[in-house]
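*Asks:* Provide a 3D model corresponding to the input given below.
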Amino acid sequence: MNIRRNLVRSIRAAVAVLITGVLVSSGATAALATDYVPISGAGSSWSANAIDQWRRNVKQYGMSVNYASTGSVDGRNQFKGGTVDYGVSETPYGLKDNGVTDELPTRPFVYIPIVAGGTAFMYNLTSGGNRITNLRLSGDVITKMFTGVITKWNDKAIQDDNPGITLPDRTVVPVVRSDGSGSTAQFTLWMSTQYKSLWDTYCRSVGRNECGQTSFFPTKSGMVAQPNSQGVSGYVAQKANEGTITYVEYSYALKTGFPVAKVLNAANYYVEPKASNVAVGLLGAKINQDKSSPMYLTQQLGGVYNNKDPRAYPLSSYSYMILPTTEQASFTAAKGATLSAFANYFLCEGQQQAEVLGYSPLPINLVQVGLAQVTKVPGADSSKINIAKCNNPTFSASGENTLAKNAPMPDACDKKGVSQCTQGTGGASGTSTGG
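*Replies:* Here you go, the predicted model:
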């Protein structure tokens, strides 16, 4: 309860700062002087906690921004079909999934980064009547748990990761997404590149000869499938569902008060997906800088997975908003004025709240190119989009990402070996177990 109370207080404090006029100084909106037309969007539930907070923030300035957290695949499809004004997704168009290519929309569009975060492994586990809150997992163990190779929590491989915990003889129950999900796409991309043999073998065992990266998790007996990030996190958080583990954005573990596993990185440290660890991890990302490419501003994450900085979280990434660049069907310049003002807001002031919400704020290079894309939206007021007035917590005079630069080194007990930190993680950070 204290964690939730503190989260609410932090959010209220951040919103109070906005009320004093930060929004006006950034040019995201001129208080109530502008009449904004309502807009609607759909897509990523991974990003939904951040988007929903930002939508609440801008209501007092006359913006009505609607958003349906229906999953990345549905968001891309709805944008393609013209039923929403914007989409949000962890993965771009053009990728091949289970033999089918997700074709680009006919309506012209651009991507902008929206918020960064870590795909976390939230779990529900007790030992001797006490909740385990300091679990550690290496990548191959995670992959084996989600492919049916490891089926018991006291498996020797999990025990080797956790020398300070007495693990229970309980069945591992993976909880996966039932809908087309960017979270699934990010998780399966990691497994298919880092643990290809395990992932390919599993896919063949469930009748899919070629999985690779997929937005639809191929399930087997013993798994539970739930829709949306709210669904998988909510299922794991139920008291009766002990032994479950899921993949979900870190924000959801904070909201539900549950722990996440620290994941072993390339430097042999077990790391939690806190904002600073995500910021360090993303220093290894390659960004498509070809302005003529339909994949402009999309990310390549191999360097994140193998980032050898001891502070890096290996499953770090960011999500995209899909913005239209022409008036078409029901999308007008009036809607574009609202959409561009909202995008200008969340790329700047909105990032101030990213960390307290369980995300990581975008660095200056992504914000700069994102703002440039926002000016392409019909109705955008380019005079109010100014990087110099962007109040983003990662910015510095040198251009370095201050969050990554100042990220603390992990504790010695987080290094792979015979010791193990006892402090809880995620939404259970105020507790300790093991040791």
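*Asks:* I figured residue 427 hits residue 250, correct?
*Replies:* No - using C-beta atoms under 8 Å, residue 427 is not in contact with residue 250; the gap is 9.4 Å. Every residue, glycine included, has its C-beta placed from N, CA and C.
*Asks:* And these two? Which one has more around it.
*Replies:* When residue 427 and residue 250 are compared for neighbours, residue 250 comes out ahead with 32 against 26, by other C-beta atoms under 10 Å.
*Asks:* quick one: the more buried one from residue 118, how far?
*Replies:* Counting by C-beta to C-beta, to the nearest Å, the gap from residue 250 to residue 118 is 5 Å.
*Asks:* what do these two both touch?
*Replies:* Between them, residue 250 and residue 118 have 273-274 as joint contacts when contacts are counted by C-beta atoms under 8 Å, 6 or more residues apart in numbering.
*Asks:* Residue 409 contacts residue 280, correct?
*Replies:* No - at 10.2 Å, residue 409 and residue 280 do not qualify as touching, with contact defined as C-beta under 8 Å.
*Asks:* Residue 373 - that's part of a helix, no?
*Replies:* Yes - remark: residue 373 belongs to a helix, assigned using DSSP: H, G, I helix; E, B strand; the rest coil.
*Asks:* out of everything not next to it in sequence, what's closest to it?
*Replies:* Across the structure, with C-beta to C-beta, 6 or more residues apart in numbering as the measure, the residue nearest residue 373 apart from its sequence neighbours is residue 110 (4.4 Å).
*Asks:* so the one you found is in which element?
*Replies:* Secondary structure here is read from DSSP states H and E; on that basis residue 110 sits in strand 109-123.
*Asks:* how about stretch 388-404: buried residues?
*Replies:* Of the residues in stretch 388-404, those with enough neighbours to count as buried (16 or more other C-beta atoms under 10 Å) are 390-395, 401-404.
*Asks:* Please apply the same query to stretch 49-57.
*Replies:* Of the residues in stretch 49-57, those scored as buried under the neighbour-count criterion (16+ other C-beta under 10 Å) are 49-51, 53-55, 57.
*Asks:* again with stretch 165-185
*Replies:* Residues of stretch 165-185 classed as buried by neighbour count (16+ other C-beta under 10 Å): 165, 167-168, 172-185.
*Asks:* so how far is that stretch off the chain centroid?
*Replies:* Distance of stretch 165-185 from its chain centroid, counting by C-alpha atoms, centre = their mean, to the nearest Å, is 17 Å.
*Asks:* Can you show me the CA trace of that stretch as PDB?
*Replies:* The C-alpha coordinates for stretch 165-185 follow below in PDB (Å, rounded to 0.1, in the frame of the first residue of the first chain):
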ATOM      1  CA  ILE A 165      16.700 -18.800  -1.700                       C
ATOM      2  CA  THR A 166      15.100 -22.100  -0.800                       C
ATOM      3  CA  LEU A 167      12.800 -22.600  -3.800                       C
ATOM      4  CA  PRO A 168       9.600 -24.500  -3.600                       C
ATOM      5  CA  ASP A 169       8.700 -27.800  -5.300                       C
ATOM      6  CA  ARG A 170       6.000 -26.100  -7.300                       C
ATOM      7  CA  THR A 171       5.000 -26.200 -11.000                       C
ATOM      8  CA  VAL A 172       6.100 -23.200 -13.200                       C
ATOM      9  CA  VAL A 173       3.100 -21.700 -14.900                       C
ATOM     10  CA  PRO A 174       4.000 -19.300 -17.700                       C
ATOM     11  CA  VAL A 175       1.300 -16.700 -18.400                       C
ATOM     12  CA  VAL A 176       1.500 -15.400 -22.000                       C
ATOM     13  CA  ARG A 177      -0.500 -12.900 -24.100                       C
ATOM     14  CA  SER A 178      -3.500 -14.300 -25.900                       C
ATOM     15  CA  ASP A 179      -3.700 -11.300 -28.300                       C
ATOM     16  CA  GLY A 180      -1.400  -9.900 -30.900                       C
ATOM     17  CA  SER A 181       1.100  -8.100 -28.700                       C
ATOM     18  CA  GLY A 182       4.200  -5.900 -29.000                       C
ATOM     19  CA  SER A 183       5.300  -7.300 -25.700                       C
ATOM     20  CA  THR A 184       5.300 -10.800 -27.200                       C
ATOM     21  CA  ALA A 185       7.100  -9.600 -30.300                       C
END
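*Asks:* show me where the stretch 251-400 of the chain has helices.
*Replies:* Listed in chain order, the helices found in the stretch 251-400 of the chain under DSSP state H, counting those that start in this stretch are 275-281, 302-305, 333-347, 364-374.
*Asks:* any idea which residue sits dead centre in the protein?
*Replies:* residue 117 (4.0 Å; C-alpha atoms, centre = their mean).
*Asks:* gap between it and residue 373?
*Replies:* Residue 117 sits at a distance of 20 Å from residue 373 (criterion: C-beta to C-beta).
*Asks:* And for residue 306?
*Replies:* To residue 373, residue 306 is 29 Å away according to C-beta to C-beta.
*Asks:* which of these two has more neighbours?
*Replies:* When residue 306 and residue 373 are compared for neighbours, residue 373 comes out ahead with 23 against 15, by other C-beta under 10 Å.
*Asks:* does the more buried one really touch residue 323, like I thought?
*Replies:* Yes - under the criterion of C-beta under 8 Å, residue 373 lies in contact with residue 323, with a separation of 6.8 Å.
*Asks:* Show me the common contact partners of these two, please.
*Replies:* 110-112.
*Asks:* Residue ranges in the stretch 301-435 of the chain under the pLDDT threshold?
*Replies:* 434-435 (pLDDT under 70).
*Asks:* which residues of it fall in strands?
*Replies:* Ranges of strands within the stretch 301-435 of the chain are 316-324, based on DSSP state E, counting those that start in this stretch.
*Asks:* Distance of residue 403 relative to residue 186?
*Replies:* Using C-beta to C-beta, one obtains 21 Å as the distance from residue 403 to residue 186.
*Asks:* Then residue 94?
*Replies:* In this structure, residue 94 and residue 186 are 16 Å apart, going by C-beta to C-beta.
*Asks:* cool, residue 235 as well?
*Replies:* With distances taken as C-beta to C-beta, residue 235 is found 20 Å from residue 186.
*Asks:* which one of those two has more residues nearby?
*Replies:* Taking residue 235 and residue 186 together and counting by other C-beta under 10 Å, residue 186 has the greater number of neighbours (25 against 18).
*Asks:* Could I get the pLDDT score of the more buried one?
*Replies:* Looking at residue 186, its pLDDT is 97.
*Asks:* and it, what are its phi and psi?
*Replies:* Dihedral angles phi and psi of residue 186 (degrees, to the nearest 10) take the values phi -70, psi -40.
*Asks:* Quick check: it touching residue 118?
*Replies:* No - judged on C-beta under 8 Å, residue 186 makes no contact with residue 118 at a distance of 10.1 Å.
*Asks:* Great, nothing more from me.
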